[in-house]
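Asks: what follows is a predicted protein model with its sequence.
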Amino acid sequence: MLLASRSFDRWEVFVSTLFTSFVLLFLLIVLAVVATALVIAIIRSRRRERAVAAEREKARLAKLRPDGLPFPPHGRGMCAACGKASEKVYFLGDGRRLCPRCYESLEMNAAAPAVSAGGEG
Ligand SMILES: [Zn+2]
């Protein structure tokens, strides 16, 4: 009887130690997961910031034509010259919409810049 109760105590100690170590292990795993998620989030946000900066620089350069003048505003639409729907058409000052190809040929035909900030008094 004494032996049995002593072994029961040991068993209880063993179970409680096991439980405690499981709880500790669980907390450690949770901490590791949180830390990993945090590190991944930081890396991603840095990468995104870098990508945004690169894209901004690219967009800034794309807004300028080779001669240094800015392109007219653009958006999705239909080209007035070739009639094709395009992801990028330039909105000219006179209301026409031209795809990049037609805009380029227009630029070649009329050497004068199409984007003149006309000041009508
Ligand atoms: Zn076109």
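Replies: Received it, and whenever you're ready, just let me know what you need. Numbering: from 1, shown residues only.
Asks: C-alpha only now, for contacts and for neighbours.
Replies: Noted.
Asks: continuing past the longest helix seen in the chain, what's the next helix or strand?
Replies: The single longest helix within the chain, with elements called by DSSP state H, is helix 2-62. Toward the C-terminal end, the helix or strand that comes next after helix 2-62 (DSSP states H and E) is strand 74-78.
Asks: related to what we said a few turns ago, packing partners of the longest helix of the chain?
Replies: Counting contacts by 3 or more Cα pairs under 8 Å, 6 or more residues apart in numbering; DSSP states H and E, helix 2-62 packs against no other helix or strand.
Asks: which strand runs longest in this protein?
Replies: As assigned by DSSP state E, the longest strand anywhere in the chain is strand 85-91.
Asks: that one pairs with which strands, parallel or anti?
Replies: Here strand 85-91 has these sheet partners by DSSP bridges: strand 74-78 (antiparallel), strand 97-98 (antiparallel).
Asks: if we can go back for a sec, what about the longest helix of the chain, distance to the chain center?
Replies: On the basis of Cα atoms, centre = their mean, to the nearest Å, helix 2-62 sits 26 Å off its chain's mean C-alpha point.
Asks: just to revisit the earlier point, how about the longest strand of the chain: buried residues?
Replies: Under the neighbour-count criterion of 16 or more other Cα atoms under 10 Å, strand 85-91 has 88-91 buried.
Asks: what sits against the most centrally placed residue in the chain?
Replies: The chain has residue 48 as the residue nearest its centroid, 5.7 Å off, counting by Cα atoms, centre = their mean. By Cα atoms under 8 Å, 6 or more residues apart in numbering, the contact set of residue 48 is empty.
Asks: so what's it scoring on pLDDT?
Replies: With respect to pLDDT, residue 48 scores 97.
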